[in-house]
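Engineer: I need the structure of the sequence given here:
(chains A, B, C and D)
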Protein chains: 2
Amino acid sequence: MSYEERRIEVANAAWRVIVREGLDRTSMRAIAQELGSSTGVVTHYFRDKEELILFALEQVFENVLKDMKACTKRGQGIDRLEQMIFMALPLEVSDKADWKVWVAFLGYSIGREHLVQEHRKRYDFLRQIISQELADLQTANLIRADLDLTLEANALVALVDGIGTGIIICPEQFSAEQQQYLVRRHINALLASS
Amino acid sequence: MSYEERRIEVANAAWRVIVREGLDRTSMRAIAQELGSSTGVVTHYFRDKEELILFALEQVFENVLKDMKACTKRGQGIDRLEQMIFMALPLEVSDKADWKVWVAFLGYSIGREHLVQEHRKRYDFLRQIISQELADLQTANLIRADLDLTLEANALVALVDGIGTGIIICPEQFSAEQQQYLVRRHINALLASS
DNA sequence: ATCTCATCATAACAGTTGTTATATTTTCAT
DNA sequence: ATGAAAATATAACAACTGTTATGATGAGAT
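Structural biologist: Next up, the predicted model:
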């Protein structure tokens, strides 16, 4: 197994502990135990705890990013935007664990400005992708020409965020169908009236 | 100063530390220092840390609840619903501190099921209030009759949640006007077409 | 076979944590 | 003023934290 693969294994162990125990109870020793080895392994692959946590978060983020970008290849038009948003939602049970990591990190960032900036980088990235998608739809006359695309991208991210965080607290409140319905309705409001 | 007032003073000190340092760095000693006294005071008024944290969260929650209920007295119709939602949004800078506590607690709850339930209680409460408001609007024929009110209440809570958490990471992304615009647009989609 | 270095294990360090017990002070009715 | 009770302070406890240093083990190349 390569160095990078082993690094990911350690991060995956950290990911599992975060989901199960929460971020502030994810100690080096707990990660090592989850990994089935000693803390020496953890410290060998990561300079410190923060580097490890950020790496684990990056894994989560890149997973959804990969799915979203895959949509760019496949579909087209409004449907493509919809599919992209769906990829970020906790439609399946397995997605909820990723959302737990996301939310845990969000809360953990309060009072740590540099972690807020880390989080912000990823928000900006998502916004940019969605904004680009909206721009394409606008030039194709599929959505209204008078839309403030920055605002609309923000709104879509907020919608996803609201659903994602809400579902952690009340897992049964949003079925996959309801999540998709809300996204569709939101997007429908943007359509060109032609 | 009464016992209950002093309790609130301690909780307020805790609130300030949470906003400034984050929840997991809010130690008993840090709270005592913020209060300008010893840890003996903190432990005297609260059985343990969790009771203190939950009490501080309850203060935050009751503040917005009070504002929302005040709307029930004043306005009427669609405008009243709008105003209620506005009360929960971080429209002013001072509101953002409360949102930090809310989000910090949300993240802190990951991996602590009983804290998730605590959070859930408050979500359910909000949903119920909004749901009741929607029901009134429905019987008054102001919003569409075919709406699933539970779903719509969930959607509104998610909208508020998405804006609130997003604004912590990117404080300049949503101006007060933009927040209100998004809420108005969301609610407009519910209006009866009469 | 031996040397090298990546990998892993163990142990110790200094700090911090929540909690508890025990003083000390203040308040206040009698 | 005096005693009881509330409020506050201090100190100690054991457990846990991230980090670091130091050994041990392993595999692969020469």
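
Engineer: what's the spacing between stretch A:40-53 and its chain's center?
Structural biologist: Centroid displacement of stretch A:40-53 relative to its chain, using Cα atoms, centre = their mean, to the nearest Å, is 23 Å.

Engineer: go on, stretch A:161-173?
Structural biologist: With Cα atoms, centre = their mean, you get 14 Å for stretch A:161-173.

Engineer: can you tell if it touches chain B?
Structural biologist: Yes: judged by Cβ under 8 Å from any Cβ of the partner chain, stretch A:161-173 comes into contact with chain B at A:161-163, A:165-166, A:168-170, A:173. In short, each C-beta sits where N, CA and C put it, glycine included.

Engineer: in that stretch, what counts as buried?
Structural biologist: Using 16 or more other Cβ atoms under 10 Å in any protein chain shown as the test for burial, stretch A:161-173 gives A:161-170, A:173.

Engineer: and the closest residue to chain B within chain A, what is it in contact with?
Structural biologist: Nearest residue of chain A to chain B: residue A:107, at 1.5 Å (Cβ to the nearest Cβ). Residue A:107 makes contacts with A:23, B:23, B:103-108, B:110, as judged by Cβ atoms under 8 Å, 6 or more residues apart in numbering or on different chains.

Engineer: mind putting the residues of stretch A:161-173 next to chain B in TSV, distance to DNA strand D and pLDDT included?
Structural biologist: What follows is the residues of stretch A:161-173 next to chain B, written out as TSV (distance: Cβ to the nearest atom of the strand, whole Å; pLDDT from 0 to 100):
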residue	distance to DNA strand D	pLDDT
A:161	27	97
A:162	30	97
A:163	31	97
A:165	24	95
A:166	29	95
A:168	22	95
A:169	25	96
A:170	29	95
A:173	32	90
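
Engineer: Any idea which residue is closest to the centre of chain A?
Structural biologist: Closest residue to the average C-alpha location of chain A: residue A:61 at 4.8 Å, with Cα atoms, centre = their mean.

Engineer: Please report the distance of that residue from residue B:91.
Structural biologist: Separation of residue A:61 from residue B:91 (Cβ to Cβ, to the nearest Å): 29 Å.

Engineer: try residue A:59
Structural biologist: Between residue A:59 and residue B:91 the computed distance is 36 Å (Cβ to Cβ).

Engineer: from the chain's centre, how far out does the helix or strand containing residue A:67 sit?
Structural biologist: According to DSSP states H and E, residue A:67 maps onto helix A:49-74. On the basis of Cα atoms, centre = their mean, helix A:49-74 sits 7 Å off its chain's mean C-alpha point.

Engineer: Do the helix or strand that that helix is followed by and chain B come into contact?
Structural biologist: Next along the chain after helix A:49-74, taking DSSP H and E as the criterion, comes helix A:77-88. No: judged by Cβ under 8 Å from any Cβ, helix A:77-88 stays clear of chain B, getting no closer than 11.9 Å.
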